[in-house]
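# I would like the atomic coordinates for the input below:
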Amino acid sequence: MTKTQRQHRIAQLLTSTWVPSQAHLVGLLRDEGIEATQATVSRDLVELGAVKVRGADGRRSLTLPAASVPALAAPDHLRRVLSEWVVDVSSSGSIVVVKTPPGCAHVVASALDRGVLAATLGTVAGDDTIFVVVDERVGGAAVAAEVRAIAGLPSPSPSPRPSNGHRPRRAAASPTKRGR
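Next up, the predicted model:
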């Protein structure tokens, strides 16, 4: 495990668990299969800016100051970013595809990565396209509709049907795929 990965896990533990001491933190890490000495954890806590505070119940605990914890994007910030930079949203399975003007995808992906939409697991941004992986229990279509609504985009229109009312014919299978 790298130093960055270990410090990320320490930050997660400090924000979600009561950690009264460095020794207790070393034990929590060991329980997760992360071997670190108390000296290493001490250096990590200094680099993370951890402090010891007394809670309302009187117990002391290690914690991170609010400034050192990455702030979640406020819903208003997400709405502003999506409404300004998103030009199209579609989905397939548990993937949402977000289109932006060239050079703007990283701004939108960063806002989405900050956790305002609970069903998003992560993003991959190119120049003008973002793939958003969403929780399969929620599904891409639901998250795409939510992103579209936040961005102020209209719902997609259904696929156009031929004017004669008949469904289009499927293309014949290619000879190389027959018999498979």
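
# start and end of stretch 101-116, how far apart?
22 Å (CA to CA, to the nearest Å).

# contacting residues for residue 60?
By CB atoms under 8 Å, 6 or more residues apart in numbering, the contact set of residue 60 is 20, 52-54. Using the backbone N, CA and C atoms, a C-beta is placed for each residue, glycine as well.

# now those residues as a markdown table including pLDDT?
Listed next are those as a markdown table, based on pLDDT from 0 to 100:
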| residue | pLDDT |
| --- | --- |
| 20 | 93 |
| 52 | 86 |
| 53 | 86 |
| 54 | 81 |
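
# residue 43: which of those residues is nearest?
residue 52 (16.0 Å; CB to CB).

# strands along this structure, start to end?
Ranges of strands in the chain, per DSSP state E, are 51-54, 60-63, 88-92, 95-99, 120-125, 129-134.

# the ones you listed: which one's closest to residue 80?
strand 95-99 (15.3 Å).

# now do that closest one: which elements does it pack against?
Packing partners of strand 95-99 (3 or more CB pairs under 8 Å, 6 or more residues apart in numbering; DSSP states H and E): strand 88-92, helix 105-113, strand 129-134, helix 140-151.

# okay, the angle between the second one and strand 95-99?
It refers to helix 105-113. 140 degrees (axes from the mean of the first three to the mean of the last three CA atoms, to 10 degrees).

# so what touches helix 105-113?
So helix 105-113 is contacted by 73, 77-78, 81-82, 85-86, 98, 100, 120, 122-130, 132, 147 (CB under 8 Å, 6+ apart).

# with the first one instead?
Identification of contacts with strand 88-92 by CB under 8 Å, 6+ apart yields 96-99, 139-141, 143-144, 147-148, 151, 153, 156.

# mind saving the C-alpha coords of the lengthiest helix in the chain as CSV?
In the chain, taking DSSP state H as the definition, the longest helix is helix 3-16. In CSV, the C-alpha atoms belonging to helix 3-16 read as follows (Å, rounded to 0.1, in the frame of the first residue of the first chain):
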residue,chain,number,x,y,z
LYS,A,3,1.7,6.3,1.5
THR,A,4,-1.1,8.2,-0.3
GLN,A,5,-3.5,5.2,-0.1
ARG,A,6,-2.7,4.7,3.6
GLN,A,7,-3.3,8.4,4.4
HIS,A,8,-6.5,8.3,2.4
ARG,A,9,-7.7,5.4,4.6
ILE,A,10,-6.6,7.2,7.8
ALA,A,11,-8.6,10.3,6.7
GLN,A,12,-11.6,8.1,6.1
LEU,A,13,-11.2,6.5,9.6
LEU,A,14,-10.9,9.8,11.3
THR,A,15,-14.0,11.2,9.7
SER,A,16,-16.1,8.0,10.4
